[in-house]
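1. dropping the sequence and predicted coords here.
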Amino acid sequence: MNLLEVKNLKTYFYSDAGVNKAVDDISFEIPKGKTVCIVGESGSGKSITSLSIMGLIDAPGKIEDGEIVFEGTDLLKLSEKDMRKVRGRDVSMIFQEPMTSLNPSYTVGYQIDEALKLHQKHLNKHERFDKVVNSLELVGIPDPKEKYGEYPFKLSGGQRQRIMIAIAMACEPKLLIADEPTTALDVTIQAQVLDLMNKLQEEKGTSILFITHDLGVVSKVADEVIVMYKGHIVEKASAKELFTDPKHPYTRALLHSIPTPGVTKRKAKLATVDDSVDYLSFPKEIR
Amino acid sequence: MSEIIFQINNLKKYYEINLGLFKKPKIVKAVNDVTFNVKKGEILSIVGESGCGKSTTAKLMLKIEEPTAGKILFEGKDITKFEGDELKEYRKKVQIIFQDPYSSLNPRWKVGQIIGEPLKLNTKLSDKEIKERVLYLMEKVGMLPEWYDRYPHQFSGGQRQRIGIARALALNPEVIVCDEPVSALDVSIQAQVLNLLLDLQEEFNLTYVFISHDLSVVEHISDRIVVMYFGDIVEYGTVSTIFDNPQHDYTKKLINAIPIIEY
């Protein structure tokens, strides 16, 4: 059962220099309760894909063609007003930079509460307060009642990212889009945040679209993996298939370029993605 | 290989944080009694998470910051006492590659100017000789000569990092402090830059002090490793002792937290 189906999506950016086909005809599905990872390098179009789903593409960018079907509705056909109801309630997003994506002048409790105020209008103040405290507890913030009135600057990077997750999860969305949620964090904190996301998914049955450039992280969270290169999907497979039997030359180059303790020989030459190879000329490996 | 180039003894760096007019300042012990050495021709990595004091240690070694207490001996001489010509000489011998190739290059300068700047300031070479040397350095880091007149914004992150590396190499340094040189780069580019750093080390017989939070990279590149945690060294040894047989709980935790692809 698919929660989201992206069909032939094309998102282009226009400038005086010409058209940049940031996302060029991609199709994929996100099944219910599963985690789909998009991996790729900077400029591969992975973030633009997520922004397209959220309906956050602004001029000079434009969604040229395609469908984004969420539970039977094409999100691209919704008015801005209707889309605003979907955003935050059904689909929500965690951004990469926990330092800049929280508002510094509001308390963290207020910022979590805001999502509830907008999307769960039947709740009164006290019910919302309890819910916010609950969600702080859920993401593992110690002393949630006291932390409610704390401003973001007082929290560490890991804690801020937990707040971001709490905001995104406040309305129990069906789809959570996480754009590089752990890239700015230390490894031990990263491990905690990944565990937390896995735990939340188990409890709430949320589908997750996880965007990252770190293949190690992918292997920890993904059910299915999409490899993007220059706006195209070059390989799509289950996580197991992708890591045990990568088919596309680009995927292979990417996998071999990471030093892996215990596998790569110390100080040996690392494989690199060869700039002179046109990886798009190889057949796409969609499994 | 066994000659010691840096000897660091009981190094301390404390920062005072003023909490207000009538409050006692808080002391942050960024580096708290750290002792280790760097051998000539090796790659010594300092690893740890944000706030562990690894970058402060690097700054002290570069004499950007002055230590609160302790000694840093470079080739047997205490660098805290360096001034004048001796300091200038030291600056030539110890160079740095910065983390962020986007903010560490002057956007208004051309590549040739950026790489040539240290030569202009520190040597008596003529403009023509400087240009020759810059072109030689550009070739060494894998850049084309026609890029001499380009600006940094015309390059990708990986290429910019090559500019930074060429600049660090300009004065034939003995030691290069690499402060997270690949953490801002894509994985595929990261591999290219790591390969380049290893090649250059061999060719120019360099010593690297490699600051990183990425243990996979550190495992790949290092000879010896210093693991820091809240200003202290918790473990210090060769790459194989640290990775194959970690002793300290924190080191174990750090190694276990690396997301490794396993299937």
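-> Received the coordinates, thanks.
2. return the residues of the stretch 151-263 of chain B in contact with chain A.
-> Within reach of chain A by C-beta under 8 Å from any C-beta of the partner chain, the stretch 151-263 of chain B has these residues: B:157, B:186-192, B:194-195, B:198, B:213-217, B:219-221, B:239, B:243, B:253-263. Just so you know, the C-beta spots here come from the backbone N, C-alpha and C atoms, and that holds for glycine as well.
3. run a quick neighbour tally on the nearest residue to residue B:158 once chain neighbours are set aside.
-> Nearest non-adjacent residue to residue B:158, counting by C-beta to C-beta, 6 or more residues apart in numbering or on different chains: residue B:189, 3.6 Å away. Look at residue B:189: counted by other C-beta atoms under 10 Å in any protein chain shown, it has 22 neighbours.
4. any idea how far residue B:258 is from the spatially most central residue of chain A?
-> By C-alpha atoms, centre = their mean, chain A has its centre lying nearest to residue A:178, at 2.4 Å. Going from residue A:178 to residue B:258 by C-beta to C-beta, to the nearest Å gives 20 Å.
5. now residue A:27
-> Going from residue A:27 to residue B:258 by C-beta to C-beta gives 34 Å.
6. so where's chain B shaky on pLDDT?
-> B:1 (pLDDT under 70).
7. in it, where's the longest helix?
-> As assigned by DSSP state H, the longest helix anywhere in chain B is helix B:187-204.
8. and the next helix or strand past that one?
-> strand B:207-212 (DSSP states H and E).
9. just the angle between that next one and helix B:187-204, please?
-> If you take axes from the mean of the first three to the mean of the last three C-alpha atoms, to 10 degrees, strand B:207-212 sits at 160 degrees to helix B:187-204.
10. from the contact counts, what lies against the very next helix or strand once past strand B:207-212?
-> Downstream of strand B:207-212, the next assigned helix or strand under DSSP H and E is helix B:215-221. Counting contacts by 3 or more C-beta pairs under 8 Å, 6 or more residues apart in numbering or on different chains; DSSP states H and E, helix B:215-221 is packed against strand B:43-47, helix B:187-204, strand B:207-212, helix B:239-244.
11. from the chain's centre, how far out does stretch A:109-116 sit?
-> In terms of C-alpha atoms, centre = their mean, to the nearest Å, the centre of stretch A:109-116 is set 21 Å apart from its chain centre.
12. follow-up on the earlier one: looks like the residue nearest to the centre of chain A contacts residue A:94 (just checking).
-> Yes - counting by C-beta atoms under 8 Å, residue A:94 is a contact partner of residue A:178 at 4.5 Å.
13. where along the stretch 101-250 of chain A do the helices fall?
-> A:108-119, A:125-138, A:144-147, A:157-169, A:187-204, A:215-221, A:239-244, A:249-256 (DSSP state H, counting those that start in this stretch).
14. mind checking which of the ones you listed is nearest chain B?
-> helix A:215-221 (3.3 Å; C-beta to the nearest C-beta).
15. sorry, back to before: would you list the buried entries among the residues of the stretch 151-263 of chain B next to chain A?
-> Neighbour-count burial (16 or more other C-beta atoms under 10 Å in any protein chain shown) is assigned, among these, to B:157, B:186-192, B:194-195, B:198, B:213-217, B:219-221, B:239, B:243, B:254-255, B:257-261.
16. please report phi then psi for residue 39.
-> Unless you meant another one, I'm taking chain A. phi -110, psi 150 (degrees, to the nearest 10).
17. nope, chain B
-> phi -90, psi 150.
18. bridging residues for it?
-> For residue B:39, the beta-bridge partners are residue B:4 (DSSP bridges).
19. and for residue A:237?
-> residue A:225.
20. how near is it to residue A:52?
-> In terms of C-beta to C-beta, residue A:237 sits 22 Å off from residue A:52.
21. tell me which of those two has more neighbours.
-> Shown here are residue A:237 and residue A:52; by other C-beta under 10 Å, residue A:52 has more neighbours (24 against 21).
22. and that one, helix, strand or coil?
-> helix (DSSP: H, G, I helix; E, B strand; the rest coil).
23. show me the contacts for it.
-> For residue A:52, the contacting residues are A:9, A:11, A:23, A:63, A:68, by C-beta atoms under 8 Å, 6 or more residues apart in numbering or on different chains.
24. considering those, which possesses the most neighbours?
-> With neighbours defined as other C-beta under 10 Å, the most crowded of the contacts of residue A:52 is residue A:23; it has 28 neighbours.
25. who touches it in this structure?
-> A:9-12, A:45, A:48-49, A:52, A:231.
26. what's the average pLDDT for the helix or strand where it lies?
-> Using DSSP H and E, residue A:23 sits within strand A:18-31. Strand A:18-31 shows a mean pLDDT of 94.
27. what are the boundaries of the strands in chain B?
-> B:4-17, B:26-39, B:43-47, B:69-74, B:77-78, B:94-97, B:175-179, B:207-212, B:224-229, B:232-238 (DSSP state E).
28. who does the shortest one pair up with?
-> Looking back up the chat, that one is strand B:77-78. If you go by DSSP bridges, strand B:77-78 pairs up with strand B:69-74 (antiparallel).
29. could you give me the buried positions within the strand it pairs with?
-> B:70, B:72-74.
30. residue A:64 - how many residues pack around it?
-> Counted with other C-beta under 10 Å, residue A:64 comes out at 15.
31. need the contact list for it.
-> Residue A:64 is in contact with A:10-12, counting by C-beta under 8 Å, 6+ apart.
32. go with 6 Å
-> A:10, A:12 (C-beta atoms under 6 Å, 6 or more residues apart in numbering or on different chains).
33. how near is it to chain B?
-> Going from residue A:64 to chain B by C-beta to the nearest C-beta, to the nearest Å gives 26 Å.
34. could you look up the SS state of that residue?
-> Strictly by three-state DSSP, residue A:64 counts as strand.
35. picking up where we left off before, could I get the helices and strands packed on helix B:215-221 as a markdown table with distance to residue B:78?
-> Formatted as a markdown table, the helices and strands packed on helix B:215-221 follow (distance: least, C-beta to C-beta, whole Å):
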| stretch | distance to residue B:78 |
| --- | --- |
| strand B:43-47 | 20 |
| helix B:187-204 | 26 |
| strand B:207-212 | 18 |
| helix B:239-244 | 29 |
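36. indicate which one of those is closest to residue B:59.
-> Ranking those by proximity to residue B:59 (C-beta to C-beta) places strand B:207-212 first, at 10.0 Å.
37. by how many degrees do the closest one and strand B:26-39 diverge?
-> Using the same axes, to 10 degrees: strand B:207-212 against strand B:26-39 is 140 degrees.
38. list the strands paired with strand B:207-212, with their directions.
-> Checking strand B:207-212 against DSSP bridges gives partners strand B:43-47 (parallel), strand B:175-179 (parallel).
39. of the strands of chain B, which is nearest residue A:73?
-> Across the strands of chain B, closest to residue A:73 is strand B:207-212 (C-beta to C-beta), at 46.5 Å.
40. from residue A:189, how far off is the nearest residue to residue A:187 once chain neighbours are set aside?
-> Among residues not flanking residue A:187 along the chain, residue B:257 sits closest, at 4.3 Å (C-beta to C-beta, 6+ apart). From residue B:257 across to residue A:189, the span is 9 Å (C-beta to C-beta).
41. equivalent analysis for residue A:122, please.
-> 36 Å.
42. between the two, who's got more neighbours?
-> Each of residue A:122 and residue A:189 has its neighbours counted (other C-beta under 10 Å); residue A:189 has more, 20 against 5.
43. so who does residue B:178 touch?
-> When contacts are counted by C-beta under 6 Å, 6+ apart, residue B:178 touches B:97, B:208, B:210.
44. repeat the analysis, applying 7 Å as the threshold.
-> B:97, B:208, B:210-211 (C-beta atoms under 7 Å, 6 or more residues apart in numbering or on different chains).
45. same question for residue A:36.
-> A:30, A:209, A:223-224, A:226.
46. shouldn't it be within a strand?
-> Yes - judged by three-state DSSP, residue A:36 forms part of a strand.
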